[in-house]
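>>> Sequence first, predicted coordinates after that:
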Amino acid sequence: NLLLSLKMGCGWVSQHDNDPKHMAKATKEWLKKRHIKSPDLNRIENLWRELKVQAAKRQPRNLNDLERICKEEWDKIPPEMCANLVANYKKCLTSEIANKGFATKY
């Protein structure tokens, strides 16, 4: 057990962000063995998706085009969208807990 091996005790919580570069084989096996699934609760993912959709609509021809388009589209994201993501976070977490980590509409 990671917490025991680090002598951290039971008061600590280990957090994991599912980033592939942080996923050592031993970590994957440890999570799989314990049937631990980690939902993606990072609200910025919604903004990345929106940016990706809007940038794709403009069909960038090269890397410079893509960078310029992404900056333009990022600036177009309304502040209200960000505010809504933050405002709905508690609801998202409550739903996630109620579903025991399984898929939700968020």
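Arrived safely, thanks for sending.
>>> Identify each buried residue in the helix or strand containing L47, please.
Secondary structure assignment for L47, by DSSP states H and E: helix 44-57. Taking 16 or more other C-beta atoms under 10 Å as the neighbour-count basis, helix 44-57 is seen to contain the buried residues L51, Q54, A55. Backbone N, C-alpha and C define where each C-beta goes, glycine included.
>>> Now do the SS call for the most centrally placed residue in the chain.
For the chain, the residue whose C-alpha lies nearest the mean C-alpha position (C-alpha atoms, centre = their mean) is N42; its distance is 3.4 Å. Classification of N42 by DSSP: H, G, I helix; E, B strand; the rest coil places it in coil.
>>> Could you check the pLDDT of it?
Predicted confidence (pLDDT) at N42: the value is 76.
>>> Now it, what are its backbone angles?
phi -80, psi 110 (degrees, to the nearest 10).
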